[in-house]
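In: all I have is the shape, not the residue letters:
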């Protein structure tokens with residue numbers, strides 16, 4: 001178990017319109033490149049007017065996710081609950097139990113009925129398949145705002 005803080009809150013920054021922008025660094029986990037492409041396309045660089053994704057870190061394996069989260073510098077994690085071997089729900093539970101101040105986690109579930117499993121995993125939010133681009137972008141923006149304390 002890591003004893004030092006691993007995430008820093010999403011950072012407010014001045015926007016072009018003079019309003020506060022929340023800048024977030026997102027880790028995206030799925031063993032399926034099509035799922036990763038779908039998520040990135042749905043969320044884009046600006047999931048909301050006040051939220052901007054400054055970087056994406058893609059991981060296809062559990063080990064890569066754990067290493068990236070332990071290294072820090074991430075604001076939101078999006079984990080595929082349908083990933084092979086250890087899905088996003090088991091991985092989320094592991095991260096929440098082992099990483100001090102683990103960033104908030106959004107789980108992509110296989111179907112809406114799997115929401116209760118995401119609760120068990122200690123996920124901060126859930127988006128079911130088939131992925132709705134608007135719902136996914138709104139969820140990333142909401143979680144980023146919560147992380148930034150807004």
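Out: Arrived safely, thanks for sending. What you are looking at is a predicted structure, and each value in this text was computed from that prediction instead of being measured.
In: give me the buried positions along stretch 95-108.
Out: For stretch 95-108, burial by neighbour count (16 or more other CB atoms under 10 Å) applies to 95, 99, 102-108. No exception for glycine: its C-beta is placed from N, CA and C like everyone else's.
In: would you mind giving these as a markdown table with pLDDT added?
Out: Formatted as a markdown table, the buried residues of stretch 95-108 follow (pLDDT from 0 to 100):
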| residue | pLDDT |
| --- | --- |
| 95 | 97 |
| 99 | 95 |
| 102 | 97 |
| 103 | 97 |
| 104 | 98 |
| 105 | 98 |
| 106 | 97 |
| 107 | 96 |
| 108 | 95 |
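In: now tabulate those in JSON lines and tack on secondary structure and distance to residue 28.
Out: Listed next are these as JSON lines, based on DSSP: H, G, I helix; E, B strand; the rest coil; distance: CB to CB, whole Å:
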{"residue": "95", "secondary structure": "helix", "distance to residue 28": "14"}
{"residue": "99", "secondary structure": "coil", "distance to residue 28": "17"}
{"residue": "102", "secondary structure": "coil", "distance to residue 28": "16"}
{"residue": "103", "secondary structure": "coil", "distance to residue 28": "12"}
{"residue": "104", "secondary structure": "coil", "distance to residue 28": "14"}
{"residue": "105", "secondary structure": "strand", "distance to residue 28": "12"}
{"residue": "106", "secondary structure": "strand", "distance to residue 28": "10"}
{"residue": "107", "secondary structure": "strand", "distance to residue 28": "12"}
{"residue": "108", "secondary structure": "strand", "distance to residue 28": "10"}
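In: and which of those residues is nearest to residue 128?
Out: Relative to residue 128, the closest of the buried residues of stretch 95-108 is residue 108; by CB to CB it sits at 7.6 Å.
In: in stretch 111-128, which residues are buried?
Out: For stretch 111-128, burial by neighbour count (16+ other CB under 10 Å) applies to 114, 117-118, 121-128.
In: restricted to strands, list these.
Out: 125-128 (DSSP state E).
In: now do the contacts for the most centrally placed residue in the chain.
Out: By CA atoms, centre = their mean, the mean C-alpha position of the chain lies nearest to residue 77, the distance being 2.3 Å. Neighbour list for residue 77: 26-27, 29, 65, 69, 92, 95, 102-106 [criterion: CB atoms under 8 Å, 6 or more residues apart in numbering].
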